[in-house]
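Participant: sequence first, then the predicted structure, then my questions.
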Amino acid sequence: MTVQTDKLLRMAEQITANMAYTDDTEVVAEKIADHLYRFWDPRMLASLKAYNKEQAESLSPALAAAVQRLERAPYS
Amino acid sequence: MGNWYRVGAEQDLGTPLVAGESLITLSVDGMEISVPEGTSIMRAAALAGTNIPKLCATEDLEPFGSCRLCLVQIEGRPGYPASCTTEVSEGMAVRTQSPRLAELRRNVMELYISDHPLDCLTCPTNGDCELQDMAGAVGLREVRYGYEGKNHLDKTKDESAPYFTFDASKCILCSRCVRACEEQQGTFALTIDNRGFDSQIVASQNDAFDQSECVSCGACVKACPTATLTEKSIIALGQPDRATVTTCAYCGVGCSFRAEMQGDQLVRMTPNRDGHANHGHACVKGRFAFGYATHDDRITAPMIRDSINDVWQEVSWEQALSFAASRMQAIQSTYGRKSIGGITSSRCTNEEVFVVQKFIRAAMGNNNVDTCARVCHSPTGYGLKTTLGESAGTQTFDSVMQADTIMVIGANPTAAHPVFGSMMKRRLRQGAKLIVIDPRATDLVDSPHVRADQHLQLRPGTNVAVINALGHVIISEGLEDKAFIQQRCEVDAYEIWRQFIAREENSPETLEPVTGVPAAQIRAAARNYASVPNGAIYYGLGVTEHSQGSTMVMGIANLAMATGNLGREGVGVNPLRGQNNVQGSCDMGSFPHELPGYRHLSDLATRTQFEKAWGVKLDAEPGYRIPNMFDAAVDGEFKGLYIQGEDMAQSDPDTQHVQAALSAMECVIVQDLFLNETAKYAHVFLPGSSFLEKDGTFTNAERRISPVRKVMQPLAGMAEWEVTCALSTAMGYPMSYQHPSEIMDEIAQLTPTFSGVSYELLDELGSIQWPCNEHAPNGTPMMHVDEFVRGKGFFAPTPYVPTDERSNNKYPLLLTTGRILSQYNVGAQTRRTENMAFHAEDVLEIHPSDAEVRGITDGAWVGIKSRAGETVLRADITTRVQAGVVYTTFHHPESGANVVTTDNSDWATNCPEYKVTAVQAYPVSNPSEWQEMFSKFHAEQGNFLDQRKRKKPVTTQS
């Protein structure tokens, strides 16, 4: 894993933790996806998507759901 | 632009402006004038064009009535009242001149002069001495008492202070200095000791100035009507021959100054009485620490080198720019368009920032632009935009004078924003309540005539827990402003927040073990803030530089909305911005996801507007932030960086990672005044220009756009904006402006909140607070008055998420970093001034109990080790820090404070978590390994610089 990917995962999980004020995973996933799309460089998103394809189980459920959303409209 | 900004001497109306509600009409020497009720006769007379002689009075201070020179006669009243302390009344007829008055004034002056050195011709303030002026004004021709009597002429001169002298033999005991220290600065360092003939001005307990509590703000020096307190620069150089109003280049207060010149030499910086941010006050940095601008270390010729292991080679501007452009283009050709980027500076002007981000977006063709605000107030932008709709503070500084309770969170204004800190102290002395939320006992917690009602001395990293607990008390005790919430806020979002904050997990009692703050204190603070008519919040980097910086900013906005403390004087959410133009650099589109005016790149209409104006297709997707750039560089994906006025190798966290990233790049271009730490990793050095060498604008923490005016030619021949334009042109995207005013015109054309801003309007108004447009043609002092910028205010839920950076057995202490009064940021400027006398090295503050168990003694070397690195500092054993917490500053590169700080950052913005690092501290006898490497590298790079002139300029090649 590159320096960047390692940090990206940590950052993405931090975003997830800070969005998780409700138990509704769908709501949280949408907020995470929107945040990532608005603020992250596409190369960083690509790394996250690639990681999610291979090791989605190691991500928190809301984050994994958010990354899947990034593969769809309006994000992709 | 001609001489549009040249100004004459300041007029002193003798007593301060009074904001009386009704007008009073009186006559002064037969001339009728109307002034606000409460105005002094002296001020009314001055407004009518008559300057009554005075010595103890000045417009900057409350009237005192001690010198007895300003006596007047009032029709129908007996005696000769002092015009400075006598208020006007309706129909009053005042006589300022008569034979009797002239006699009385001459008698007074005779007494003064009988005990004053008669060395006017060699006196440093010859030509700028009020005593001298008054002797002339009253027609003093003889001193009947002679000069042989008992006097004070043999008093010794105190030259201990770095920037001014105190010559007691010239003192007339008008007490202006004492009152300036009290009223303006609020330090109370000066007093009049003894009585009668033995009376004398003393600092602290009759100490030398450099050993006293004096903070060298210069207020006393400005107030002194004689040569008693005189700037050393004036003693050395003489009086200035012209003055230009400009804006200080230090902190985010943005003080207005008169740069007083002799030819092209700056001899004095005097705070401008008409300055809208500072009202004639200053601090030690802005007032005195300007010597760096002409320091011998300034590099004034461009330099290039192939590798950082090479000697620098001085070249022409053309050669340097061609070299830089071809290197950057070669990198893009090899690694792709997005493999390079640039950093704007919060120390440069708005115009310079604007052209840098334009250069990156238009010439480099990507959005890899970021700014040093990333590492300080980026959470402010995110948090306030989300909740209130605009990435800026809500008030003017003056608004604090109407606050009833002031809450200061993670800020140390008397050190980092000293002029505003003094204003805040003034309000506190008037009786406003004070809540301080800070792990350290800052100056505000307990200083002369100021004491915090509540000091919530929380554990570092628990801000959000504390703000949630405060919110919990407000909701659970029914202290919220229901009408405000109903009218001004999104009710659905409020309901979600209300339910969240009311949970037991957010109660002060539940959170007490987390925060370390007694629940009773939290409850008292919440009631204190929510129960007064006007509650105002001021915050600093102790809020933003956390893993939950953005959450905390939103929590602060929630608290203000819940209590209705927004949209009027005396309230608000007020970020205290660190550097002079942090606000401006953010306004100007320095972040990788948004264009000037905080408009997201994904907004097609905005992007199209810029594309049409600039004639290029813009990348619609965000670029890298600074930490992303470094990570990508270490991974070999990011290869070139243009850095204007920023020293990331010292200021950014995890120094060794930054050094690795810079070393991995193929072209680092640094534009700066000095060969800073980052420039040691550079391949191109482009000389910068100081704030004295260019025109432009800075925007301070209250959104105030203030003019920066050129008082001397750029030492390197070009201002930064000119260099950026030339570099852009060399990279194939021509940029050409004749003057920064043209850049501002382009900013106004493209940015709705700036559409009314122009240099002409700035000249007319002095400064402008944005938004300035068709809705607010003269600017907007206060935001969110009738509605929020986003329409309805948004309550954002703020779950407390503990930082990943935790203390444990190996790293049991929490390090927090900060700033001190006399040094500024990385110290590149202040370390090249006499301010070194105040703070020659960074030290580690450690609590006595933590020191004792480790065998650490005061002043001894102590090692500090974190998960990121290790450094060595001297110990300062103090109770300013609580047990378990240590503190240091990062003003000196060899200290390596940021070798220890980690790459942990704010979840939303990647603002580094400078305020929480788990460390261990222990006695040592040698520098750290990093420090030894630093010394070696520093010496090596110093040699590369020193040897540069021995080389012949080389022909530019790619």
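Facilitator: Great, that's in hand. Please read all numbers here as calculations on a predicted model, not as lab measurements.
Participant: from here on, just use CA atoms for contacts and neighbour counts.
Facilitator: OK.
Participant: next, the contact list for residue B:73, please.
Facilitator: Contacts here follow C-alpha atoms under 8 Å, 6 or more residues apart in numbering or on different chains; on that basis residue B:73 touches B:79, B:80, B:81, B:94, B:95, B:96, B:101.
Participant: cross these against strands and list the overlap.
Facilitator: Counting by DSSP state E, the contacts of residue B:73 place B:94, B:95 in strands.
Participant: I'd like to know which of the contacts of residue B:73 are buried.
Facilitator: B:81, B:94, B:95, B:96, B:101 (16 or more other C-alpha atoms under 10 Å in any protein chain shown).
Participant: what's the most distant pair in the residues you listed?
Facilitator: B:94 and B:101 (12.1 Å; C-alpha to C-alpha).
Participant: which helix or strand in chain A has the lowest average pLDDT?
Facilitator: helix A:3-19 (a mean of 90; mean pLDDT, DSSP states H and E).
Participant: mind listing what's buried along that helix?
Facilitator: A:4-5, A:7-9, A:11-19.
Participant: shared neighbours of residue B:94 and residue B:101, which are they?
Facilitator: B:72, B:73.
Participant: look up how far residue B:80 lies from the residue of the stretch 151-300 of chain B at minimum distance from chain A.
Facilitator: With C-alpha to the nearest C-alpha as the measure, residue B:252 is the residue of the stretch 151-300 of chain B nearest to chain A, at 26.1 Å. When distances are taken as C-alpha to C-alpha, to the nearest Å, residue B:252 and residue B:80 turn out to be 47 Å apart.
Participant: same check, this time on residue B:334
Facilitator: In terms of C-alpha to C-alpha, residue B:334 sits 86 Å off from residue B:80.
Participant: ditto for residue B:412
Facilitator: From residue B:412 to residue B:80 the distance is 47 Å (C-alpha to C-alpha).
Participant: do residue B:149 as well
Facilitator: In terms of C-alpha to C-alpha, residue B:149 sits 29 Å off from residue B:80.
Participant: where are the low-confidence patches of chain A?
Facilitator: Applying pLDDT under 70 to chain A flags residues A:1-3.
Participant: tell me which stretches of it form helices.
Facilitator: A:3-19, A:25-39, A:42-55, A:61-69 (DSSP state H).
Participant: who touches the last one?
Facilitator: The list of residues contacting helix A:61-69 from outside it, by C-alpha under 8 Å, 6+ apart, reads A:12-13, A:16, A:25-26, A:28-33, A:48-49, A:52, A:56-57, A:75.
Participant: what angle do it and helix A:25-39 make?
Facilitator: 60 degrees (axes from the mean of the first three to the mean of the last three C-alpha atoms, to 10 degrees).
Participant: dump helix A:61-69 to CSV, restricted to CA.
Facilitator: Extracted as CSV, the C-alpha positions of helix A:61-69 are listed here (Å, rounded to 0.1, in the frame of the first residue of the first chain):
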residue,chain,number,x,y,z
PRO,A,61,-20.1,-0.2,6.3
ALA,A,62,-21.1,3.4,5.8
LEU,A,63,-17.8,4.2,4.0
ALA,A,64,-18.1,1.2,1.8
ALA,A,65,-21.6,2.2,0.9
ALA,A,66,-20.4,5.8,0.2
VAL,A,67,-17.6,4.6,-2.1
GLN,A,68,-20.1,2.5,-4.0
ARG,A,69,-22.2,5.6,-4.5
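Participant: now do it against helix A:42-55, angle only.
Facilitator: Using the same axes, to 10 degrees: helix A:61-69 against helix A:42-55 is 120 degrees.
Participant: next: the first one.
Facilitator: In this structure, helix A:3-19 runs at an angle of 80 degrees to helix A:42-55, with the same axes, to 10 degrees as the basis.
Participant: also the second one?
Facilitator: Helix A:25-39 and helix A:42-55 meet at an angle of 140 degrees, taking the same axes, to 10 degrees as the criterion.
Participant: might one say that residue B:408 is in contact with residue B:437?
Facilitator: Yes. Between residue B:408 and residue B:437 there is a contact under C-alpha atoms under 8 Å: 6.2 Å.
Participant: which one of those two is surrounded by more residues?
Facilitator: residue B:437 (29 against 23; other C-alpha atoms under 10 Å in any protein chain shown).
Participant: who does that one bridge with?
Facilitator: Note on residue B:437: beta-bridge partners by DSSP bridges are residue B:409, residue B:456.
Participant: next, the contact list for it, please.
Facilitator: Neighbours of residue B:437 in contact, by C-alpha under 8 Å, 6+ apart: B:407, B:408, B:409, B:410, B:455, B:456, B:457, B:458.
Participant: ditto for residue B:727
Facilitator: B:321, B:322, B:324, B:325.
Participant: how about stretch A:57-68: buried residues?
Facilitator: Per 16+ other C-alpha under 10 Å, stretch A:57-68 contains these buried residues: A:59, A:61, A:62, A:63, A:64, A:65, A:66, A:67, A:68.
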